[in-house]
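Chemist: Predicted structure and sequence below. I'll ask about it afterward.
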Amino acid sequence: MSTDYVATNMRNWDERVQDHLVAYGADDFVRDPGAMWAGMEAILLAPYVPGGSFVDVDMAHMQCHIGTDTISFARRGARIVGTDLSGEAIRAARDLAERAGTPNASFVQCANEDAPDVLGRRFDVVFTSVGVLAWLADLDSWARSVQKLLRPGGVFLVYDAHPMLNAMEYEREDGKLVVGEPYFRSDAPGRFDDGVTYASETLMDNAVTYQWPHDLGEILGSLLSAGLRIEAFGEHESIPWKALPAMVLTDAGWALPTGGPRIPLMFSVIARRP
């Protein structure tokens, strides 16, 4: 991956942190010991941990951002380490974990490809979720890191926006589903300059980002090529945020209106290291 793309993205993500601490309600989250994020991730992983419990399960959370999902699994009893390339995000995550009183959640700044060597151990469960794959140019390298982080028999979850959703035109107000972005990957990333993050209207100094589309074949193929065995695959009709203007809020999250055309909004993969 071009170091220029990575450096540009990291300046953007470092700048996002303070806004996201406010937008995510981080202060309220750490004050409430019963606050549990990553609900769908826990539901998807529960059948693959002993008794459906995360107590004493060794977990790694790749691309953890400010660590709210990581801390949520610590509150469920896991021993968990979160990794992220953003130094500002890791500093924020460590502060949140200390204030939340979760010493079983730790955080390390590193790239995905460096995580196996930096962490120096293997885990029962590795996961990554919601808005992560678009920031990666090379999924083969990502999948190899996942494989190295897992103990034999360990499981991996990726839960992210569906590539079909990512290919839609996002700004349409007529409710139509129209493909306007690439579905299949290309060597050159897309350049975005939205001015703000998805979580607030604060104008950013480092507004430019670069992102890569990844189709389902590439995602699944990278995990298989790394030697992982796919045990479950799901396509989901709800999503944690309002990704398209026509979406309506339901008990399960944001969804497309009933009676109209529907596409998968999220996908999930459970893979195991044999």
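Modeler: Done, it's in. All of these numbers come straight from a predicted model, not from anything done at the bench.
Chemist: which residue ranges form the strands in this structure?
Modeler: With DSSP state E, the ranges of strands along the chain come out as 58-62, 79-84, 105-109, 123-129, 150-161, 190-193, 208-211, 229-236, 248-250, 253-255, 266-272.
Chemist: Please work out the average pLDDT along stretch 172-180.
Modeler: Per-region confidence: stretch 172-180 scores 88 on mean pLDDT.
Chemist: Could you list the residues in contact with that stretch?
Modeler: 167-170, 244-246, 256-257, 260-261, 263 (C-beta atoms under 8 Å, 6 or more residues apart in numbering). Backbone N, C-alpha and C define where each C-beta goes, glycine included.
Chemist: what about it, start to end distance?
Modeler: 10 Å (C-alpha to C-alpha, to the nearest Å).
Chemist: Over to stretch 248-262?
Modeler: Between the opening and closing residues of stretch 248-262 lies a distance of 13 Å (C-alpha to C-alpha).
Chemist: ditto for stretch 127-141
Modeler: Terminal residues of stretch 127-141 are spaced 16 Å apart (C-alpha to C-alpha).
Chemist: ok, so what distance separates residue 23 from residue 65?
Modeler: Residue 23 sits 12 Å away from residue 65, taking C-beta to C-beta, to the nearest Å as the criterion.
Chemist: quick one, which of the two is more surrounded?
Modeler: A count of neighbours by other C-beta atoms under 10 Å puts residue 65 above the other of residue 23 and residue 65, at 23 against 15.
Chemist: re earlier: looking at the contacts of stretch 172-180, spot the one nearest residue 202.
Modeler: Each of the contacts of stretch 172-180 was scored against residue 202 by C-beta to C-beta, and residue 170 proved nearest at 19.8 Å.
Chemist: ok, and the closest non-adjacent residue to that closest one?
Modeler: Nearest-residue entry for residue 170: residue 244, 6.5 Å, with adjacent residues in sequence omitted and distances by C-beta to C-beta, 6 or more residues apart in numbering.
Chemist: Look at that neighbour and report its pLDDT.
Modeler: We have a pLDDT of 93 for residue 244.
Chemist: Equivalent analysis for residue 197, please.
Modeler: In this model, residue 197 is scored at 67, pLDDT.
Chemist: Likewise for residue 200?
Modeler: Per-residue confidence at residue 200 stands at 61 (pLDDT).
Chemist: Sheet partners, orientation included, of the lowest-mean-pLDDT helix or strand in the chain?
Modeler: Within the chain, confidence by mean pLDDT, DSSP states H and E is lowest for strand 190-193 among all helices and strands, at a mean of 88. Each strand pairing with strand 190-193, determined using DSSP bridges, is listed with its direction: strand 208-211 (antiparallel).
Chemist: Need the residues that contact the partner strand.
Modeler: Residues from elsewhere that reach strand 208-211 (C-beta under 8 Å, 6+ apart): 5, 8-9, 12, 134-135, 189-193.
Chemist: Any chance of those in TSV with neighbour count and distance to residue 40 as columns?
Modeler: What follows is the contacts of strand 208-211, written out as TSV (neighbours: other C-beta atoms under 10 Å; distance: C-beta to C-beta, whole Å):
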residue	neighbour count	distance to residue 40
5	19	30
8	16	31
9	20	26
12	20	26
134	18	19
135	20	20
189	19	27
190	14	27
191	11	31
192	13	26
193	8	31
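Chemist: picking up where we left off before, select, from the contacts of stretch 172-180, the two members most distant in space.
Modeler: 167 and 257 (19.6 Å).
Chemist: Those two - which one has more neighbours?
Modeler: residue 167 (18 against 12).
Chemist: Please look at the more buried one and residue 190 and confirm they touch.
Modeler: No. Assessed by C-beta atoms under 8 Å, residue 167 is found out of contact with residue 190, at 11.3 Å.
Chemist: Right, I'll call it a day here.
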